[in-house]
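Visitor: how would this look folded up:
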Amino acid sequence: MSPDAWPPVPPPKTPFLSTLEILLIAGIVIGVAVLIGLFTIPVAASFSGQLEVPAGIGTIANYTFPTGSYVSGNWWTTSQTEADFFIWDTVYGHPSLVHFSSYAYYGSFSFTVGYNPYQFAASSLPFGPNVTVDFAGNYSAPLL
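Guide: Predicted structure coming up:
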């Protein structure tokens, strides 16, 4: 059979989607996946502070955490003197006690954030020596 007798070759089919359209759809899918991850995957962050407490007086430090995050940590006195350690949040402007340790050298705390800011506070014994209280912890929350 001669080549002239062969049936004609059909032209190549055009793809359903062009390369540009495929890249655009892939970019949108990846972008949506990244945003979902930023809104849902918790990321850990740390915080720390120090309270210098004169004898018989309290000292306060304010911290703000992302709402809904889980906060945990430890506190300790560095001056070998007992101290009270408090954490409270401000529910509609009124303090709500989250954690309290009475006259101890160290302790731990954990809570889920409701209302900000949180106040970390320490007080020493009346007529006792000055106290230094250190605290450190972690919290986890989505980035956005």
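Visitor: For the nearest residue to A104 once chain neighbours are set aside, list the residues it contacts.
Guide: Spatial nearest neighbour of A104, excluding adjacent residues (Cβ to Cβ, 6 or more residues apart in numbering): E82 at 6.0 Å. Where you see a C-beta, it was placed from the backbone N, CA and C, and this is true even at glycine. Contact analysis of E82 by Cβ atoms under 8 Å, 6 or more residues apart in numbering lists Y103, A104, Y105, S124, L125, V131.
Visitor: Quick check: the gap between E82 and W88.
Guide: Distance, E82 to W88, by Cβ to Cβ, to the nearest Å: 20 Å.
Visitor: Could you do I36 as well?
Guide: If you go by Cβ to Cβ, the gap between I36 and W88 works out to 34 Å.
Visitor: Between the contacts of E82, which sits nearest P66?
Guide: A104 (28.8 Å; Cβ to Cβ).
Visitor: which residues touch that closest one?
Guide: Taking Cβ under 8 Å, 6+ apart as the test, what A104 contacts is E82, A83, F85.
Visitor: so it bridges to which residues?
Guide: A83 (DSSP bridges).
Visitor: now the one 4 residues further on
Guide: Note on S108: beta-bridge partners by DSSP bridges are N74.
Visitor: from now on call the first residue 58
Guide: Shifting the count to begin at 58 puts that one at S165.
Visitor: which ones are touching it?
Guide: S165 is in contact with S129, G130, N131, W132, counting by Cβ under 8 Å, 6+ apart.
Visitor: Just give me how far the helix or strand hosting D146 sits from the chain centre.
Guide: Assigned by DSSP states H and E, D146 falls within strand 140-148. Taking Cα atoms, centre = their mean, to the nearest Å, the mean C-alpha location of strand 140-148 is offset from the chain mean by 19 Å.
Visitor: Tell me the helices and strands packed up against that strand.
Guide: In terms of contacts (3 or more Cβ pairs under 8 Å, 6 or more residues apart in numbering; DSSP states H and E), strand 140-148 is packed against strand 151-161, strand 163-169, strand 175-180, strand 188-199.
Visitor: would you turn those into JSON lines with distance to I117?
Guide: Below are the helices and strands packed on strand 140-148 laid out as JSON lines (distance: least, Cβ to Cβ, whole Å):
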{"stretch": "strand 151-161", "distance to I117": "11"}
{"stretch": "strand 163-169", "distance to I117": "15"}
{"stretch": "strand 175-180", "distance to I117": "5"}
{"stretch": "strand 188-199", "distance to I117": "11"}
